[in-house]
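Q: Let me see the structure of the following:
(chains A and B)
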Amino acid sequence: MSSRRALSLTAKIDLILVIALAVGIGAALGALATSLISAYNRKTQQGVFENANILFTAIESVMLPGQAPLAVTTLANVSIRTPGTFISLYRRDGTLAFSDNKTIETVNANLKAQQFVPQDRPLSAPATPPKRFQEAAATPPSELFFRDDSGGRAFFHAYRPLINLPKCTVCHGADHTVRGVIDIRTDISDDVRTTNLTLAGTATGFVVVVGLLALVIGSFLRNVVLNPVQSIGKLCMDVTAGRFEGRVNLRSGDEIGDLARTVNSMVEGLRERFELTKYVSAGTIGSLRAGQEPQRVKRVLFFTDVRGFTSYTERHDADQVVVVLNRILDEQSRIIHERGGDIDKFVGDEVFAFFTGADGVRRACEASLAIVRLCASRAGEFDGLSVGIGITEGMVIHGMVGSARRADFTMIGDPVNTASRLCSLAKSGQILVSTEMRNAAVPDFIFAGPYSAKLKGKTDPQKVWFLRGQTGRGA
Amino acid sequence: MSSNFPCQRSLGALGAVALALFVASLAACAGKSERIYATPDYPTWKKTTDIVLDYPIPGHMDRLRVPRMNAIGFSVVPTIVGGKLHWDFPENTVIAKEVFAEPKPAPGEGPIQLTIMVKAPKDPRSQGGWLWLTRDLPAGKEQVFTGNYCVTCHENANEGHPYFDKNKNLEFRDYVYFVPLEAMARAK
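A: You can find the predicted model right below:
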């Protein structure tokens, strides 16, 4: 068996809510953010690319024979006037153009004249060839446009090879195809930062929105559905434990409110039925479950009656009479129930109970002795009242007796009458039993007798016995 | 099994037409992609120049080049624009330039490269009105060169350059360095 604790309904709904919101909103937001950022990046890239094209065309137009200083100035001016854009011209061997007099010397050699004067001070500082330079300077050359993130900044590089055109070969020679590569480098760090900030903002917004929605919807569901359902569940558990006082306090007019009202009504009905069971014997209740067909069964019939009660009622207030009587009946009822007996009915100050089962005789005897002892020990509480008890055992008819409107599930038969007559005959504190009862109870119980007694409704005198005590416990 | 319902027959016919169009378009596409401009008889085309092109030039270095042009190209007639000759080769002119491995190849030695110019100004892939192609010699397939490497270099033909007559008159030569002498003679 798994010992893993199952998630509560609240936790499950919260979990489903968060997942649904995260997936739903996340997908939509993700798609939107991706689309926007993609469009932004595309636009940035396109802008940089077009800018590079324009710059390249402009630079190419100033790359005139003998105008190297003009080209250098142009490159420098563009870099100065276009913040974030850097233009570099590399020779095909990767060295920075104008960083030495190599080109001038080559041109002069090709022209076989000192056409151009070597510079004392190079126009550019030496630099190492940038990334992927060789791809651009290969034959055939390639135009490249790529992003390079290095040194904590992001750049777009546009490489434009300078072809050694036939018209250029006069000065530069015809032994090579590519003269160099122009690198137009654009700093896009700010754009990247903007994109990252947008992404971070979107993600934060997403988390906040999902969290808030989960809280709001979760709170709403808890108040509207979960708490009422939990209240109903708690009420049901109380009812199962025999507590009928609680009610679901819900005033909403929706389906949950209807359910709560229905459950309240149901519990009220159950409470009423539960209260009614106090006035109905367990046998009656059992018959409702098992069916109400009359049966001939063996029972131990048990009658008690308060002696001197009539004169007591004449001498005391009604309230006091009822209090004392209820006290005596309640204690008897408790003792009988504790020993597995069942109260069939109360008739005034009389108790009609019965015991069933193989040890019903023993339990009935024990109950009668306990009742007599109790009355003796608590005589003060009972205003000195005590009971006489009559017990017998025999076959009776157990079934529904009465009219269609009002009926009792009770017992009829000669043993019932006999037990009742024995009770009538018994004096205060006496337990009178039939011979059948006595024979069934010995040797566990001590009896005195037999005595001959005239019982009402019986032609011949009957043998009766006094129950004195239990074997081993004394009389 | 034949259909008894006219609408079903119509739908069937429509489906057949659609399928036929689809197949035809596939065939057209396939045919276009495999088109050969320098037809197998190109070695019989006339050379655009009798000059032996074995001197070094950017792009081909000192490898021997032999440019040939189809008859359409030889029919070119220049116009006068701005007082200068303006050469505009007819559409479907094809110039096939054989490039050999050495300046002086051995007899019977074949070219190592075949570059092709096709006058096709309406083709969206054209640059300067020409398609610039290279042939994969072992496979015999021609591929359009998508970069601007070829056109950039040939652009110089439309201005002064060091080859042939050096284009001293700065004529628009339609990206062709060696305009056939017979065509130039006709223009005089």
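Q: tell me what the longest strand along chain A is packed against?
A: Among the segments of chain A that qualify as a strand by DSSP state E, the longest is strand A:387-402. Under the contact criterion of 3 or more Cβ pairs under 8 Å, 6 or more residues apart in numbering or on different chains; DSSP states H and E, the helices and strands touching strand A:387-402 comprise strand A:295-306, helix A:360-377, strand A:407-412, helix A:414-425, strand A:431-434, helix A:435-441. Glycine gets a C-beta too; all of them are placed from N, C-alpha and C.
Q: Rounded mean pLDDT for it, please.
A: Model confidence over strand A:387-402, given as mean pLDDT, is 91.
Q: Can you name the residues of chain B that neighbour chain A?
A: B:55-59, B:61, B:147-149, B:152-153, B:155-156, B:159-163, B:177 (Cβ under 8 Å from any Cβ of the partner chain).
Q: Can I have the buried ones of these as a ChimeraX selection?
A: Command for ChimeraX that selects the buried part of the residues of chain B next to chain A, burial taken from 16 or more other Cβ atoms under 10 Å in any protein chain shown:
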select /B:57,58,59,148,149,152,153,155,156,161,163,177
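Q: Check the gap between the residue nearest the centre of chain B and chain A for me.
A: The centroid of chain B falls nearest to residue B:118 when counting by Cα atoms, centre = their mean (2.1 Å). Relative to chain A, residue B:118 is positioned 19 Å away (Cβ to the nearest Cβ, to the nearest Å).
Q: Confirm that residue sits in a helix?
A: No. For residue B:118, which was evaluated using DSSP: H, G, I helix; E, B strand; the rest coil, the result is strand, with no helix membership.
Q: before we move on, the earlier item: dump the helices and strands packed on strand A:387-402 to CSV, plus mean pLDDT, mean neighbour count and distance to chain B.
A: Rendered in CSV, the data for the helices and strands packed on strand A:387-402 read as follows (pLDDT from 0 to 100; neighbours: other Cβ atoms under 10 Å in any protein chain shown; distance: least, Cβ to the nearest Cβ, whole Å):
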stretch, mean pLDDT, mean neighbour count, distance to chain B
strand A:295-306, 93, 22, 79
helix A:360-377, 94, 21, 90
strand A:407-412, 82, 17, 79
helix A:414-425, 93, 22, 92
strand A:431-434, 94, 28, 101
helix A:435-441, 92, 20, 96
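Q: quick revisit: what sits against the residue nearest to the residue nearest to the centre of chain B when sequence neighbours are not counted?
A: Distance criterion Cβ to Cβ, 6 or more residues apart in numbering or on different chains; nearest residue to residue B:118, sequence neighbours excluded, is residue B:131 at 4.2 Å. Taking Cβ atoms under 8 Å, 6 or more residues apart in numbering or on different chains as the definition of contact, the neighbours of residue B:131 are B:37, B:116, B:117, B:118, B:120, B:123, B:125, B:144.
Q: Next up, phi/psi of residue B:131, please.
A: The phi/psi pair for residue B:131 (degrees, to the nearest 10) reads phi -90, psi 140.
Q: Can you list the strands that the helix or strand hosting residue A:449 pairs with?
A: For residue A:449, the element it lies in under DSSP states H and E is strand A:445-453. On the basis of DSSP bridges, the sheet neighbours of strand A:445-453 come out as strand A:462-470 (antiparallel).
Q: ok now the partner strand, how far from the chain's centre?
A: When distances are taken as Cα atoms, centre = their mean, to the nearest Å, strand A:462-470 is centred 65 Å away from the chain's centroid.
Q: Could you give me the buried positions within it?
A: Along strand A:462-470, the positions that meet the burial threshold by neighbour count (16+ other Cβ under 10 Å) are A:462, A:464, A:465, A:466, A:467, A:469, A:470.
Q: wait, which of those residues is closest to chain B?
A: Each of the buried residues of strand A:462-470 was checked against chain B using Cβ to the nearest Cβ; the closest is residue A:470, at 102.7 Å.
Q: Which residues are in contact with the closest residue to the closest one other than its chain neighbours?
A: Computed as Cβ to Cβ, 6+ apart, the closest residue to residue A:470 that is not its neighbour in sequence is residue A:445, at 5.5 Å. The contact partners of residue A:445, by Cβ under 8 Å, 6+ apart, come to A:362, A:365, A:467, A:468, A:469, A:470, A:471.
Q: Residue A:264 in helix, strand or coil?
A: For residue A:264, the secondary-structure state derived from three-state DSSP is helix.
Q: Tell me the spacing between the closest residue to it other than its chain neighbours and residue A:236.
A: Spatial nearest neighbour of residue A:264, chain neighbours left out: residue A:247 (5.0 Å); criterion: Cβ to Cβ, 6+ apart. In this structure, residue A:247 lies at 12 Å from residue A:236, with Cβ to Cβ, to the nearest Å as the measure.
Q: Can you report how many residues lie near the residue nearest to residue A:264?
A: Neighbour count of residue A:247, defined by other Cβ atoms under 10 Å in any protein chain shown: 16.
Q: give me the element it is part of.
A: Secondary-structure assignment from DSSP H and E places residue A:247 in no helical or strand segment.
Q: C-alpha coordinates for the strand or helix carrying residue A:335, CSV please?
A: Under the criterion of DSSP H and E, residue A:335 resides in helix A:318-338. Once non-C-alpha atoms are left out, helix A:318-338 reads as follows in CSV (Å, rounded to 0.1, in the frame of the first residue of the first chain):
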residue,chain,number,x,y,z
ALA,A,318,-45.2,16.2,39.4
ASP,A,319,-41.9,17.6,38.5
GLN,A,320,-40.1,15.7,41.3
VAL,A,321,-42.0,12.6,40.4
VAL,A,322,-40.9,12.8,36.8
VAL,A,323,-37.3,13.6,37.7
VAL,A,324,-37.0,10.6,40.1
LEU,A,325,-38.9,8.3,37.8
ASN,A,326,-36.7,9.2,34.9
ARG,A,327,-33.6,8.8,37.0
ILE,A,328,-34.7,5.3,38.0
LEU,A,329,-35.7,4.4,34.5
ASP,A,330,-32.6,5.8,33.0
GLU,A,331,-30.3,3.8,35.3
GLN,A,332,-32.3,0.7,34.6
SER,A,333,-32.1,1.3,30.9
ARG,A,334,-28.3,1.8,31.2
ILE,A,335,-27.8,-1.4,33.1
ILE,A,336,-30.0,-3.4,30.7
HIS,A,337,-28.2,-2.0,27.6
GLU,A,338,-24.8,-2.6,29.1
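Q: So which elements touch it?
A: Here helix A:318-338 touches strand A:295-306, helix A:309-315, strand A:342-347, strand A:350-355, helix A:360-377, going by 3+ Cβ pairs under 8 Å, 6+ apart.
Q: how about a cut-off of 7 Å?
A: strand A:342-347, strand A:350-355, helix A:360-377 (3 or more Cβ pairs under 7 Å, 6 or more residues apart in numbering or on different chains; DSSP states H and E).
Q: Redo those as TSV? Include distance to residue A:154.
A: Written out in TSV, the entries for the helices and strands packed on helix A:318-338 read as follows (distance: least, Cβ to Cβ, whole Å):
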stretch	distance to residue A:154
strand A:342-347	92
strand A:350-355	97
helix A:360-377	96
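Q: If you average the pLDDT over stretch A:14-22, what comes out?
A: Across stretch A:14-22, the per-residue pLDDT values average to 83.
Q: Output the below-cut-off pLDDT ranges for the stretch 1-150 of chain A.
A: Within the stretch 1-150 of chain A, the stretches falling below the threshold (pLDDT under 70) are A:1-5, A:121-126.
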